[in-house]
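Chemist: Sequence and predicted structure are below.
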Amino acid sequence: MAEELRAAIIQDEVSNRVLMLGWMDEEALALTRSSGLVHFFSRSRQKLWKKGETSGNVLHVTDVVLDCDEDAVLVSVHADGPTCHDGSTSCFTPWLWRTILRRQSENEEGSYVASQLNAGVAQNARKVGEEAVELAVAALSEDDERVVSEAADLWFHSLLLLRSRALDPAMVDDELRRRAR
């Protein structure tokens, strides 16, 4: 096993979103610094690897900072694409998004998520419109429990619509952060 592995926290340079956690030995850290591309030490394969070597989604280094004990490293990056192997911007995605991705991948018969995604963008857009109207009606004439239920439906179907368009909810978060400035 590699000596003195450091936890390497990979963070987007603009949004400060944590994208992933990997492990670096001295060689991976040196190569990351010298090449400008993030490299890790794979504990399972016991070898050095470059992030994105198979997917093409490399991470361009903008800053490298060791913590006070030099046993962890924070690497700021610009990503060429999704960081997570599942196609998400970050490996730290909300549970609901991860569930949607899993159910789409499994594509099991009887799965509501899979059937909605297989139906395409138009079907998902119609469903978002339907759920938005139901939320508005509930807000005007029903109890709080019903409003929360309808808001959950709209939230869920909005995520399905994003997925049907191959968009990541992190993009919505980025847009809201941009607007808050």
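Modeler: Ah, there it is.

Chemist: So the residue nearest to L161 when sequence neighbours are not counted, which state does it fall into?
Modeler: Spatial nearest neighbour of L161, excluding adjacent residues (CB to CB, 6 or more residues apart in numbering): N124 at 4.2 Å. The way it works is simple: take the backbone N, C-alpha and C, and place the C-beta from them, glycine included. Under the three-state scheme (DSSP: H, G, I helix; E, B strand; the rest coil), N124 adopts helix.

Chemist: Report pLDDT for N124.
Modeler: The predicted local confidence for N124 comes out at a pLDDT of 98.

Chemist: Now do it against A30, distance only.
Modeler: Distance of N124 to A30, given as CB to CB, to the nearest Å: 47 Å.

Chemist: Check V172 too.
Modeler: Counting by CB to CB, the gap from V172 to A30 is 38 Å.

Chemist: mind giving me the domain split of this protein?
Modeler: Domain assignment for the chain, taken from automatic domain parsing, gives 6-79, 95-180.

Chemist: got the ones you listed as TSV, with distance to S88 columns?
Modeler: Written out in TSV, the entries for those read as follows (distance: least, CB to CB, whole Å):
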stretch	distance to S88
domain 6-79	9
domain 95-180	6
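
Chemist: Show me which of those has the highest average neighbour count.
Modeler: The densest packing among the domains of the chain, expressed as mean neighbour count by mean count of other CB atoms under 10 Å, is seen in domain 6-79 with a mean of 16.

Chemist: starting at the chain centroid, how far to that one?
Modeler: In terms of CA atoms, centre = their mean, to the nearest Å, the centre of domain 6-79 is found 17 Å from the chain centre.

Chemist: from now on call the first residue 39
Modeler: Shifting the count to begin at 39 puts that one at domain 44-117.

Chemist: End to end on that domain, go ahead and measure it.
Modeler: The first and final residues of domain 44-117 sit 21 Å from each other (CA to CA, to the nearest Å).

Chemist: ok, so what distance separates the residue nearest to G158 when sequence neighbours are not counted from V175?
Modeler: Distances taken as CB to CB, 6+ apart place S202 nearest to G158, at 6.4 Å, with adjacent residues excluded. For S202, the distance to V175 (CB to CB) stands at 25 Å.
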